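Enquirer: Need a 3D model of the following:
(one chain, ligands or ions: 2)
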Amino acid sequence: MINYDVTPDSPYEEQPAIGVIGMGAMGTMYAKYLSTSGWKKIYVCDQPTKYETLREKYADHPTITVLRDGHQVSRISDFTMYSVEAEFIERVVAEYGPSTKYGAIVAGQTSVKAPEKAAFEKYLPDDVHIVSCHSLHGPTVSPVGQPLVLIKHRAPDEALMLVENILRPLQSRFVYLSFEGHDIVTANTQAVTHAAFLSMGTAWANEREYPWETGHYVGGIETVKVNIMLRIYSNKWHVYAGLAILNPSARVQIDQYARSTTELYKLMLAADEPGLRARMYAARDKVFGAKGAERAPILLSEDILDRFSLGRRPSVNGSAGAPPNTHPANSHLSLLAMVDCWAALGIQPFVHLDIAATPIYRMLLGVSEYLFRSPARLDAAIHAAVHDTTYRANDLEFVIAARGWSQCIEFGSFELYQRRFMETATFFESRFDEATKAGTAMLQAIMDSSPAAR
Ligand SMILES: NC(=O)C1=CN([C@@H]2O[C@H](COP(=O)(O)OP(=O)(O)OC[C@H]3O[C@@H](n4cnc5c(N)ncnc54)[C@H](OP(=O)(O)O)[C@@H]3O)[C@@H](O)[C@H]2O)C=CC1
Ligand SMILES: O=C(O)C(=O)Cc1ccc(O)cc1
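Expert: Numbering: from 1, shown residues only. Ligands and ions are numbered 1, 2, ... in the order given. This is a model prediction of the structure:
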């Protein structure tokens, strides 16, 4: 009989057995946080081929027990979490789901819930509860204060209470959604955000340039673009492929992003400054109108970002660095297109920020807001887009990249996605360590400094 009302301080015999199937980056992070907080019965596995290695790794661990496969974990656990690739969730649940302990609760950590829901409904026995979850941050970000989606799908209230109790030590902010609601929100936040940063990376890689080393992309908003792009390409490709390709809502957003990018570029080529300005002002008013103006900005100052730049500012008159906010004029096509896309789809990004923002989404919205809420900065970008050809070649690459990513996701090919992703990742690979450190520090600093994040 499960005791639902427990804490990590409860006596050993009353504690639930917690199972994790898939000990990759996220499974490992969960096992670590849950064991550190005092949960004493944690059972984990990965593929049977990794059993010995995993067992050695946790040989001296007092509360994490490595088992051979998902059958063994499922048989013993009162709460089992699948933390495997979204692409494989059906196959893995089909295999281990029928072994789930009578009356247990099952969750998935996958970033896209449509396939997870289908797999759970198809393969889990009727006497098993379904309360799923999703931490809206990567494995190197502290879970404290980050959104953690909980989905009570087929379960009584006590089952949800137990899941809350088990996961409370992560100190994340619980967000209650349905499977379907989850996929709509994450299509609007994660999927289209990743499309923007993936396209930046592909564009730079195709120009064979490390943008922070050319003198054009060294500070302020550019720091965010570079650090987040590198952060995404240093993560696992399947995470992004899964949440874009398998989320039924994501394609519309990603397609619109590519469309916005192309249409704005055509206005640039036609030197249609009034047309571009009118379109950008209309998008700004729709996205950042009344609601945006009421709240404190996400980025209080662009200068805070310069601390995390991988490059050096171009020197001015022989001094070590340029004074604040003297970055070369840039069209910021990727950000103009993002706001245009939100406007075209009627997406209210601040509503999503309050519900379930990932750190990367917060950064993208932060820099977009920074650009659009200053008439001077927005006008400078529009002027540069039409009259300054410094970035034109990169903008062209960006248009091609955005369209290419959109098609790849529309065609639903994991293989093509992996090839595109890995080609760019390989180009930037040597810089990942440095970028991960800078990116993590930057995200934390923004979280700490932004009233909107608290
Ligand atoms: N990384 C991130 O930023 C986040 C990821 N997520 C989601 O969490 C899930 C896990 O992601 P992440 O940890 O990053 O990915 P990883 O690739 O690091 O981990 C997945 C692990 O599951 C293993 N696995 C696959 N099949 C089985 C099986 N039959 N039995 C046991 N283990 C198996 C994989 O083995 P193998 O490599 O051999 O296939 C791998 O070790 C994904 O669905 C992802 O979308 C959610 C939030 C953030
Ligand atoms: O913040 C982001 O968008 C990330 O890139 C990290 C991430 C990836 C997958 C998730 O399901 C949740 C967070």
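Enquirer: which non-adjacent residue is nearest Arg373?
Expert: Leaving aside its chain neighbours, Arg373 sits nearest to Phe288 (5.8 Å; criterion: CB to CB, 6 or more residues apart in numbering). Glycine gets a C-beta too; all of them are placed from N, C-alpha and C.
Enquirer: burial count for the one you found?
Expert: Look at Phe288: counted by other CB atoms under 10 Å, it has 21 neighbours.
Enquirer: Surely it and Leu365 touch.
Expert: No. Applying CB atoms under 8 Å, one finds Phe288 not in contact with Leu365, separated by 9.9 Å.
Enquirer: Kindly report the residues of the stretch 201-350 of the chain close to ligand 2.
Expert: Counting by CB under 6 Å from any ligand atom, the residues of the stretch 201-350 of the chain close to ligand 2 are Ile232, Val239, Leu243.
Enquirer: Just confirm Ser132 is within a helix.
Expert: No. Ser132 is assigned strand when assessed by DSSP: H, G, I helix; E, B strand; the rest coil, not a helix.
Enquirer: Can you pull the phi/psi pair for the nearest residue to it once chain neighbours are set aside?
Expert: Nearest-residue entry for Ser132: Ile151, 4.2 Å, with adjacent residues in sequence omitted and distances by CB to CB, 6+ apart. Dihedral pair for Ile151: phi -130, psi 100, per degrees, to the nearest 10.
Enquirer: and if you look at Thr63?
Expert: Residue torsions, per degrees, to the nearest 10, at Thr63 are phi -120, psi 0.
Enquirer: Now for it, how many residues are close by?
Expert: With other CB under 10 Å as criterion, Thr63 counts 17.
Enquirer: right, and the helix or strand after the strand or helix carrying His352?
Expert: If you go by DSSP states H and E, His352 is part of helix 349-356. Downstream of helix 349-356, the next assigned helix or strand under DSSP H and E is helix 359-372.
Enquirer: which ones are touching Ser132?
Expert: Val106, Ala107, Gly108, Lys113, Glu116, Lys117, Phe120, Leu150, Ile151, His153, Phe179 (CB atoms under 8 Å, 6 or more residues apart in numbering).
Enquirer: quick one: the fourth one from ligand 1, how far?
Expert: To ligand 1, Lys113 is 10 Å away according to CB to the nearest ligand atom, to the nearest Å.
Enquirer: nearest spatial neighbour of that residue, skipping sequence neighbours?
Expert: Leaving aside its sequence neighbours, Lys113 sits nearest to Phe179 (CB to CB, 6+ apart; 4.3 Å).
Enquirer: Any idea how many residues pack against that neighbour?
Expert: Around Phe179 there are 20 other residues, counting by other CB under 10 Å.
Enquirer: I'd say it and Lys117 touch.
Expert: Yes. Using CB under 8 Å, Phe179 is in contact with Lys117, at 4.3 Å.
Enquirer: what sits in contact with each of these two?
Expert: Ser132, His153.
Enquirer: Show me where the stretch 301-450 of the chain has its helices.
Expert: Counting by DSSP state H, counting those that start in this stretch, the stretch 301-450 of the chain has helices at residues 303-306, 333-345, 349-356, 359-372, 375-387, 392-411, 414-428, 432-449.
Enquirer: hmm, I was thinking of the stretch 1-150 of the chain
Expert: Assigned by DSSP H, counting those that start in this stretch, the helices in the stretch 1-150 of the chain fall at 25-36, 51-57, 70-76, 89-96, 113-123.
Enquirer: what does this structure put close to ligand 1?
Expert: 21-27, 45-47, 70, 83-86, 88, 92, 109-111, 135, 138-139, 235-236, 239, 242.
Enquirer: same thing but 5 Å
Expert: By CB under 5 Å from any ligand atom, the residues of the chain that approach ligand 1 are 22, 24-26, 46-47, 70, 83-84, 86, 92, 109-111, 138, 239.
Enquirer: Which PyMOL command selects the buried ones in the residues you listed?
Expert: The buried subset of these, as determined by 16 or more other CB atoms under 10 Å, is captured in PyMOL by this line:
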select buried, resi 22+24+26+46+70+83+84+86+92+109+110+111+138+239
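Enquirer: What is the most widely separated pair among the residues of the chain next to ligand 1?
Expert: Greatest spatial distance among these (CB to CB): Gly70 and Gly138, at 23.8 Å.
Enquirer: Quick one: the strands in the stretch 51-200 of the chain, in order.
Expert: Assigned by DSSP state E, counting those that start in this stretch, the strands in the stretch 51-200 of the chain fall at 64-66, 79-82, 105-108, 129-135, 147-154, 173-176.
Enquirer: Neighbouring strands of the first one in the sheet, and parallel or not?
Expert: Right, strand 64-66. Note on strand 64-66: by DSSP bridges, its sheet partners are strand 42-45 (parallel).
Enquirer: can you give me how far the strand it pairs with is from the chain middle?
Expert: Centroid separation between strand 42-45 and its chain, computed with CA atoms, centre = their mean, to the nearest Å, is 26 Å.
Enquirer: Check what contacts that strand and list those residues.
Expert: Strand 42-45 has contacts (CB under 8 Å, 6+ apart) with 17-21, 23, 27, 31, 34-35, 51, 54, 58, 63-70, 72-73, 76-77.
Enquirer: cool, and stretch 2-22?
Expert: Under the criterion CB under 8 Å, 6+ apart, residues 27, 30-31, 34, 37-46, 70, 73-74, 76-85, 92, 96, 103-104, 109, 158-159, 161-162, 165-166, 168-169 lie in contact with stretch 2-22.
Enquirer: you'd agree Leu299 is in a helix?
Expert: No. Read with three-state DSSP, Leu299 is coil and lies in no helix.
Enquirer: what's the burial count for it?
Expert: That count, for Leu299 with other CB under 10 Å as the rule, works out to 25.
Enquirer: Apart from its neighbours in sequence, what residue is nearest it?
Expert: Leaving out its chain neighbours, the residue that sits closest to Leu299 by CB to CB, 6+ apart is Gly366, at 4.3 Å.
Enquirer: wait, isn't that neighbour in contact with Met447?
Expert: No. Applying CB under 8 Å, one finds Gly366 not in contact with Met447, separated by 10.7 Å.
Enquirer: which one of these two has more residues nearby?
Expert: Gly366 (22 against 18).
Enquirer: From Leu443, how far off is the more buried one?
Expert: 11 Å (CB to CB, to the nearest Å).
Enquirer: Then Leu230?
Expert: 13 Å.
Enquirer: helices and strands around the helix holding His352, which ones?
Expert: Where contact means 3 or more CB pairs under 8 Å, 6 or more residues apart in numbering; DSSP states H and E, helix 349-356 is packed against strand 147-154, helix 179-186, helix 359-372.
Enquirer: what does the second one contact?
Expert: The reference is to helix 179-186. Here helix 179-186 has contacts from 111-114, 116-117, 132, 134, 136, 149, 151, 153, 177, 243, 247-250, 352, 355-356, using CB under 8 Å, 6+ apart.
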